[in-house]
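In: mind looking at a prediction? Sequence and model below.
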Amino acid sequence: MNQKSTRKCLAVVTPALAPQERVELVEAVQIGTVSAKRRLATAALVGAATGGTVLVAVQPRAYFMVLTDRRLYLVHNLNGTVGNSIVSATPRDKISAGPLRKHLLTLSMEVQFTGAATPSRFSWGRAQGRMAQAIADALTN
């Protein structure tokens, strides 16, 4: 992540930080899944509507993640720019994360939030491997 986005994320999260809470990591993450059926249908629809001149890739929802020594904050990601609000703030003791998995084009990990029925899938592109590993290390330790 670039310095400008990092500063904006910190500006959004700082008012919510508890005294002595320290930021450990600020990164981008995609949360959720998109089925192969939906990806194919969207690509076919857009391809047919534009005569094959436009390609579309459907991806999970993107967020900026701020990880502190006490909580995990998710901040809105508005087309690559930092939003003005915190989507969620979850205590770290209410989070458990599985191992980082490598797929053909992506990296992912299952993150379970206490009280949620199903785990959330955090994912990154292969080019974001270093970022994904840093987040996986932070959440599994």
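Out: Happy to help now that I have it.
In: so Arg22 makes contact with Arg71?
Out: No - look at Arg22 against Arg71 with C-beta atoms under 8 Å: they stay out of range, at 11.1 Å. For glycine as for every other residue, the C-beta is placed from the backbone atoms N, C-alpha and C.
In: as a check, name the ranges of all helices in the protein.
Out: 3-13, 36-49, 129-140 (DSSP state H).
In: give me the beta-bridge partners of the most centrally placed residue in the chain?
Out: Nearest to the mean C-alpha position of the chain, by C-alpha atoms, centre = their mean, lies Val29 at 2.0 Å. Assessed by DSSP bridges, Val29 has beta-bridge partners Tyr63.
In: out of the helices of the chain, nearest to Gln112?
Out: Gln112 lies closest to helix 129-140 among these, at 10.5 Å (C-beta to C-beta).
In: name the residues of the closest one that are buried.
Out: Residues of helix 129-140 classed as buried by neighbour count (16 or more other C-beta atoms under 10 Å): Met131, Ala132, Ile135, Ala136, Ala138, Leu139.
In: put together CSV for those residues, with distance to Pro15 on each row.
Out: Formatted as CSV, the buried residues of helix 129-140 follow (distance: C-beta to C-beta, whole Å):
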residue, distance to Pro15
Met131, 26
Ala132, 29
Ile135, 24
Ala136, 28
Ala138, 23
Leu139, 24
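In: so how far is the lengthiest strand in the chain off the chain centroid?
Out: Assignment by DSSP state E gives strand 81-91 as the longest strand of the chain. Computed by C-alpha atoms, centre = their mean, to the nearest Å, the chain-centroid distance of strand 81-91 equals 11 Å.
In: what packs against it?
Out: Packed against strand 81-91 by the contact rule (3 or more C-beta pairs under 8 Å, 6 or more residues apart in numbering; DSSP states H and E) you find helix 3-13, strand 71-78.
In: quick one: furthest residue from the center of this structure?
Out: Farthest-from-centroid check, the chain (C-alpha atoms, centre = their mean): Gly51, 32.8 Å.
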